[in-house]
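Just to be clear, the model below is a prediction. Sequence and coordinates:
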Amino acid sequence: EVKLQQSGDELVRPGASVKISCKASGYTFTNYAMYWVKQSPGQGLEWIGTIIPLIDTTSYNQKFKGKATLTADKSSNTAYMELSRLTSEDSAVYYCAGQIRGRGYFDYWGQGVMVTVSS
Amino acid sequence: NIVLTQSPATLSVTPGESVSLSCRASQSISTSIHWYQQKSNESPRLLIKYASQSISGIPSRFSGSGSGTDFTLSINRVESEDFSIYYCQQSYSSLFTFGSGTKLEIK
């Protein structure tokens, strides 16, 4: 069974950074890209970026360049996203998602991590 | 960026009614559109891929149609568990984008 297990909710101070994780199981981690999606409170969904663990290649939505950094640890089948210089605009739920059974659509999602930026 | 416009923003219906939700793309995207359902405090769930292809485990009352710029998600005889938000997403461009959603609520 494919599963994407994300780390817990975070409360962080403005200006700080946060690193959230997404542990994959039930499939070969290196064979598939991992995607990250933002959902702001009461808002829709935005694709942040993609990492291909096999070759450590990343691509980002221009809007999130400089804000998000994607990495992956092949030894633990875990993908990470670090968000830097946090502001209130970064308060949101962040999902990791996979395109496992096909390409183009997200058929597996993590449970989401709520990041709250507040002093 | 390819912009997806969903309408209506909110749709109020009575259980048992059949509904159609619209998603319009800012340029032609062939059939590279996918539909998701998101219930409150849950992750999105894939309902339909590539405009009209069904997904294993999704009830048959959900169907999709369209190509080019205009797409429709249809729900035949809405059930109580269907009241949630529906999003479309395009994969024609590698810069994936989502629509702003249609909230299906009980009348």
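Thanks, I have it.

element containing residue A:4?
Under the criterion of DSSP states H and E, residue A:4 resides in strand A:3-6.

how far is that strand from where the chain is centred?
With CA atoms, centre = their mean, to the nearest Å as the basis, strand A:3-6 stands 11 Å off its chain's centre.

excluding its backbone neighbours, what's nearest residue B:64?
Leaving aside its sequence neighbours, residue B:64 sits nearest to residue B:48 (CB to CB, 6 or more residues apart in numbering or on different chains; 3.9 Å). All C-beta atoms are positioned from the backbone trio N, CA, C, and that covers glycine.

Residue A:106 against residue B:91, yeah?
No - if you go by CB atoms under 8 Å, residue A:106 and residue B:91 don't touch, sitting 9.4 Å apart.

who touches both of these two?
residue B:34 (CB atoms under 8 Å, 6 or more residues apart in numbering or on different chains).

Between those two, which is the more surrounded one?
Counted by other CB atoms under 10 Å in any protein chain shown, residue A:106 and residue B:91 do not tie: residue A:106 has more neighbours, with 26 against 22.

Would you map the strands across chain B?
Ranges of strands within chain B are B:4-7, B:10-13, B:19-25, B:33-38, B:45-49, B:53-54, B:62-67, B:70-75, B:85-90, B:97-98, B:102-106, based on DSSP state E.

residues touching the residue in chain B positioned nearest to chain A, list them.
For chain B, the residue closest to chain A is residue B:91, as judged by CB to the nearest CB, at 3.2 Å. The contact partners of residue B:91, by CB under 8 Å, 6+ apart, come to A:103, A:104, A:105, B:32, B:33, B:34.
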